[in-house]
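>>> fold the following for me, if possible:
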Amino acid sequence: MRLQIDGEKKEIKSHGSYGFPVLISHERLSYFDTGEFPWHWHPEIELTLVEEGEIAYQVNDSLYHLKAGEGLFCNTNVLHSGHREQTEDCSYLSVTFHPRLLYGYRSSVMQDKYMDHILKSASLASIHFVPEEAWHGRVLEQIGRIRLLDQEHPVSEELQIQIALFQIWQEIFEHVEVNETGYGENARDTERIRRIMEYIQKHYGEKITLEDLSGQIHLCRSESCRLFRRYMNVSMFDYLLDYRVERSLELLQKPGLDITQVAGRVGFASPGYFSRIFKRKMGCTPLEYRRSRR
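Numbering: from 1, shown residues only. All right, here's what the predicted structure looks like:
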């Protein structure tokens, strides 16, 4: 499985319907070909509840190590990704919903008084929920309730899901302080990261240098590298290699291309180097991966 994302890393799949913009999905990291879901963003809020195993979940420059029974609030329009802790798989519930489900219509009291300052806060990209914290426990209980509603499908399912989301939002509103210090700087840095990722996505099949990437955000190479590593916990070069491997997976499932052709199409200068990087990330060679998919 691969996420559907556009050139700006925005996820383009539908999260529910216009009439009820909620998507409840039961996921496992092993569902993804790479054992992780890549960096992306969307205008919906995402709530995650870890059911089994552990996940390293990153939101902007914050990295969380979530265990079974813990959860995460991921705000609108923030970059996020997740991968395995060591080699252990992880199953988790994802509840993604558009905030208009709660505020109704633009400039409503719900939006202006209770939601906008949180939704637009650059200092509140995410919240890590742990059962030991009383109000966190109440949020986790409501996410668990949504999971049961999705399984049992009572007559009033949508109504009860919306009530649970309102109760979660009430807890967040009453317990979280929004600090807008450094708002402009955070927003600017996030946009810089997006521009670098967008450039990689458009040009990954070509020769790309660190100078090319740093030129996208008009910073020197060393400063660009420091910024990218601080946000992404990986160097720009390693991110480029990982993205090239990810793009090769679909090509490897096409019988008309040999390994050398696949390597060239995703930007590797030689099939030998491609195979080494591929095995480092995927745990098998490109040929072994191709055989397993056949």
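
>>> listing partners with orientation, what would you give for the longest strand along the chain?
Longest strand in the chain, counting residues (DSSP state E): strand 45-59. Sheet pairing here is set by DSSP bridges, and for strand 45-59 it gives strand 62-67 (antiparallel), strand 71-74 (antiparallel), strand 80-84 (antiparallel), strand 90-97 (antiparallel).

>>> now that strand: buried residues?
By neighbour count on 16 or more other Cβ atoms under 10 Å, the buried set for strand 45-59 is 45-51, 53-59. (Glycine included, C-beta is placed from N, CA and C.)

>>> repeat for stretch 247-258
Arg247, Ser248, Leu249, Leu251, Leu252, Leu257.

>>> centre of the chain to the helix or strand encompassing Leu213, how far?
Leu213 is part of helix 210-215, with elements assigned from DSSP states H and E. Centroid displacement of helix 210-215 relative to its chain, using Cα atoms, centre = their mean, to the nearest Å, is 24 Å.

>>> mean pLDDT lowest where, among the strands paired with strand 45-59?
Looking over the strands paired with strand 45-59, mean pLDDT reaches its minimum on strand 80-84, with a mean of 88.

>>> hang on, the earlier thing: mind putting the buried residues of strand 45-59 into JSON lines with distance to Gln111 and pLDDT?
Shown next, in JSON lines, are those (distance: Cβ to Cβ, whole Å; pLDDT from 0 to 100):
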{"residue": "Ile45", "distance to Gln111": "13", "pLDDT": "95"}
{"residue": "Glu46", "distance to Gln111": "19", "pLDDT": "97"}
{"residue": "Leu47", "distance to Gln111": "19", "pLDDT": "97"}
{"residue": "Thr48", "distance to Gln111": "24", "pLDDT": "97"}
{"residue": "Leu49", "distance to Gln111": "26", "pLDDT": "97"}
{"residue": "Val50", "distance to Gln111": "30", "pLDDT": "96"}
{"residue": "Glu51", "distance to Gln111": "32", "pLDDT": "95"}
{"residue": "Gly53", "distance to Gln111": "37", "pLDDT": "93"}
{"residue": "Glu54", "distance to Gln111": "36", "pLDDT": "93"}
{"residue": "Ile55", "distance to Gln111": "32", "pLDDT": "94"}
{"residue": "Ala56", "distance to Gln111": "33", "pLDDT": "91"}
{"residue": "Tyr57", "distance to Gln111": "28", "pLDDT": "93"}
{"residue": "Gln58", "distance to Gln111": "29", "pLDDT": "90"}
{"residue": "Val59", "distance to Gln111": "23", "pLDDT": "91"}
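
>>> appreciated, that's everything.
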